[in-house]
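Enquirer: sequence first, then the predicted structure:
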Amino acid sequence: MKLSISDSIKNIPYYPKALMYGHEEGWVRLSSNENPYPPSEAVLETILDALSAVNRYPGGEKELKDDLAAHYGLAGDNFVIGNGSNELIEMSLRAMKHDSRDGIIVTESSFAFYEIAAKIYGYTVKKVPLKNLTTDLGAIARAIDDRTRIVFLNNPLNPTGTMYEDREFDDFIRSVPPDVLVVVDEAYAEFAQNPQFPGTLTYIKDYPVLIFRTFSKAYGLAGLRVGYSIGDADLVSFLERTKQPFSINLIACLAARAALKDEARLKKVLDNSAQARSFYYAELKAMGLEYVPSEANFVLIRIGDGAEEITRRLFERKVLVRFMGSYGFPDCIRISFGTPAENRKCIEELKKLT
């Protein structure tokens, strides 16, 4: 190929994004932090009822925004809907393009797409190390310079499951220059049990804060790709200007509205996740394996030098977990919380290999 390609694109690691394992019967999928439970009957009925209308371009975003506004006690224009969090990340990068500020800051171990998308859109990336496996807000504040445009935070943090607390966030946000956007990705917020989880919504009016939430995790709609961002109406309006038309399909919008209203289903999912967390803690402790206490729907486990090999051998037994070498933890695996049967199967197989 004779086309010239920018080094910023060449340097992005390639991987086959559509390759997924474990859809066949008999697999235990605990590698992608998915909700192991399908949507409720009310959500499924909504999806089925919408099928006859897929010949039309989708509507429903305004209604979903209004539902979210009622849920959070805000206005509809405080929300922008995205095709998963990935589109929200890209919208943020597009909307914040600036002639003299072209840098972003991320933690060394966090969601990989922040860095990938930033490079696509021509930003430079600065990485700040974790402190005790947790986002170091003080170090991030010190890393901000006159080139910084966006800080991407991930709370609770994937892959460690740790979180920074409200007082830390308050100190941090007050120190951020007014021309730097702070994106707080709270994809796993519903699972957090720590009462000191930051109340980031209280900052959106007075500070440059944009909050990401998703229907992919606790609400169990990962396959439909619906995320949303919360912020000051003026800020949100600039993201809207960069958004692709009709990026959220009809079924996704309607399913998200139904899922948001199904509070009983959400409670059941969160209760099951809490039980799974307790199960893994007890089993891992009995096995003598070190783990990181988690505020999310997964747990990071220190296996040792054989972490990658154990991941491979579990795969051979149709148990999918995630090797954490690409996140900077070559001695660790991450296990998502599944159903009770899936969790037991995972532990049974893990015991045979450790």
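Expert: Okay, I see it.

Enquirer: residues in contact with the most centrally placed residue in the chain?
Expert: Using CA atoms, centre = their mean, the residue of the chain that lies closest to the mean C-alpha position is Ala187, 4.0 Å off. Taking CB atoms under 8 Å, 6 or more residues apart in numbering, we find Ala187 in contact with 85, 154, 158, 212-214, 216-217, 227. Where C-beta positions appear, they are placed from N, C-alpha and C, glycine not excepted.

Enquirer: give me the three-state assignment for Lys2.
Expert: coil (DSSP: H, G, I helix; E, B strand; the rest coil).

Enquirer: just use 365 as the starting number from now, easier for me
Expert: Shifting the count to begin at 365 puts that one at Lys366.

Enquirer: what's the burial count for it?
Expert: 3 (other CB atoms under 10 Å).

Enquirer: quick one: it from Ile373, how far?
Expert: Going from Lys366 to Ile373 by CB to CB, to the nearest Å gives 16 Å.

Enquirer: repeat for Glu673
Expert: The value you get for Glu673 to Ile373, if CB to CB is used, is 33 Å.

Enquirer: and what of Ser396?
Expert: For Ser396, the distance to Ile373 - CB to CB - is 26 Å.

Enquirer: neighbour-wise, which of the two wins?
Expert: Between Ser396 and Ile373, Ser396 has the larger neighbour count (other CB under 10 Å), namely 14 against 9.

Enquirer: so what's that one closest to, chain neighbours aside?
Expert: For Ser396, ignoring the flanking residues on the chain, the nearest one in space by CB to CB, 6 or more residues apart in numbering is Ser700 at 6.5 Å.

Enquirer: surely the one you found and Val392 touch.
Expert: No: taking contacts as CB atoms under 8 Å, Ser700 lies outside contact range of Val392: 10.0 Å.

Enquirer: who's more crowded, the two?
Expert: Legend: neighbour count by other CB under 10 Å for Ser700 and Val392, higher for Ser700 (25 against 22).

Enquirer: list the beta-bridge partners for that one.
Expert: Phe662 (DSSP bridges).

Enquirer: give me the pLDDT for Ala382.
Expert: With respect to pLDDT, Ala382 scores 46.

Enquirer: quick one: contacts for Lys709?
Expert: 392, 683.

Enquirer: quickly list the domain ranges of the chain.
Expert: Using automatic domain parsing, the domain parsing of the chain gives 371-401+628-717, 405-625.

Enquirer: mind listing the helices for this structure?
Expert: 371-374, 405-414, 425-436, 448-459, 477-484, 501-507, 530-539, 597-606, 614-625, 627-651, 671-680, 704-717 (DSSP state H).

Enquirer: which one of the ones you listed lies nearest to Val470?
Expert: helix 477-484 (4.9 Å; CB to CB).

Enquirer: tilt between the closest one and helix 448-459?
Expert: Note on geometry: by axes from the mean of the first three to the mean of the last three CA atoms, to 10 degrees, helix 477-484 and helix 448-459 are set 40 degrees apart in direction.

Enquirer: please identify the most buried of the domains of the chain.
Expert: Comparing those by mean neighbour count (mean count of other CB atoms under 10 Å), domain 405-625 comes out on top with a mean of 19.

Enquirer: low-scoring stretches of this protein, by residue?
Expert: 365, 378-388 (pLDDT under 70).

Enquirer: the helices of the chain into JSON lines, with extra columns for distance to Lys491?
Expert: Below are the helices of the chain laid out as JSON lines (distance: least, CB to CB, whole Å):
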{"stretch": "helix 371-374", "distance to Lys491": "16"}
{"stretch": "helix 405-414", "distance to Lys491": "38"}
{"stretch": "helix 425-436", "distance to Lys491": "32"}
{"stretch": "helix 448-459", "distance to Lys491": "16"}
{"stretch": "helix 477-484", "distance to Lys491": "8"}
{"stretch": "helix 501-507", "distance to Lys491": "9"}
{"stretch": "helix 530-539", "distance to Lys491": "17"}
{"stretch": "helix 597-606", "distance to Lys491": "25"}
{"stretch": "helix 614-625", "distance to Lys491": "33"}
{"stretch": "helix 627-651", "distance to Lys491": "29"}
{"stretch": "helix 671-680", "distance to Lys491": "22"}
{"stretch": "helix 704-717", "distance to Lys491": "31"}
